[in-house]
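J.: What would the 3D arrangement of this be:
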Amino acid sequence: MLDHVGFKVSDFQRSKTFYERALAPLGYGLVMEVTPEMTGTESRHAGFGSDRKPDFWIGTGDTTRGRLHIAIAAQSRAHVDAFHAAALAAGATDNGAPGLRPQYHPDYYGAFVLDPDGHNIEAVCHFPE
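T.: Down below sits the predicted model:
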């Protein structure tokens, strides 16, 4: 359904570094940067994804207000665990340790962290162990 999502961050470099480290265990990396020279404005953007397709974007500008919840698909429970550990090592705040969430469905395995701006970022695997 969705092709990509993006939101503004308060400190672009800090968030870019955070997401580079936190998303790596899920197979996501920095795919593209859009500079002020490219847009003709003061804005900067960083697109993360895989296979050269950015589908998760952060940018400068008026910081997004409120707390977003973004869930990122993981291929295995081990990837969820690795995301959680990497995000915490990169400065995230724990918002839900890796584990089953059977209230959603029996195989729902997720982990939640708060990014540098307080957004609730989740990695989730829907497959049985």
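J.: For stretch 59-78, list every residue counted as buried.
T.: Of the residues in stretch 59-78, those with enough neighbours to count as buried (16 or more other C-beta atoms under 10 Å) are G59, T60, T64, I72, A74, R77. Glycine gets a C-beta too; all of them are placed from N, C-alpha and C.
J.: Between which two of these is the distance greatest?
T.: The largest distance within the buried residues of stretch 59-78, taken as C-beta to C-beta, falls between T60 and R77 and amounts to 34.9 Å.
J.: List the contacts of the helix or strand bottoming out on mean pLDDT in the chain.
T.: Taking mean pLDDT, DSSP states H and E as the measure, the helix or strand of the chain with the lowest value is helix 36-39, at a mean of 92. Residues external to helix 36-39 that are found in contact with it (C-beta atoms under 8 Å, 6 or more residues apart in numbering): E42, S43, R44, H45.
J.: what's near enough to touch the residue of the chain most remote from its centre?
T.: The outermost residue of the chain, judged against the average C-alpha position, is G40 (26.9 Å), by C-alpha atoms, centre = their mean. Taking C-beta under 8 Å, 6+ apart, we find G40 in contact with no residue.
J.: what's the answer for H4, then?
T.: By C-beta under 8 Å, 6+ apart, the contact list for H4 reads G47, G49, P54, D55, F56, W57.
J.: tell me the pLDDT at it?
T.: As predicted, H4 sits at a pLDDT of 95.
J.: how close does it get to L114?
T.: For H4, the distance to L114 under the criterion C-beta to C-beta, to the nearest Å works out to 22 Å.
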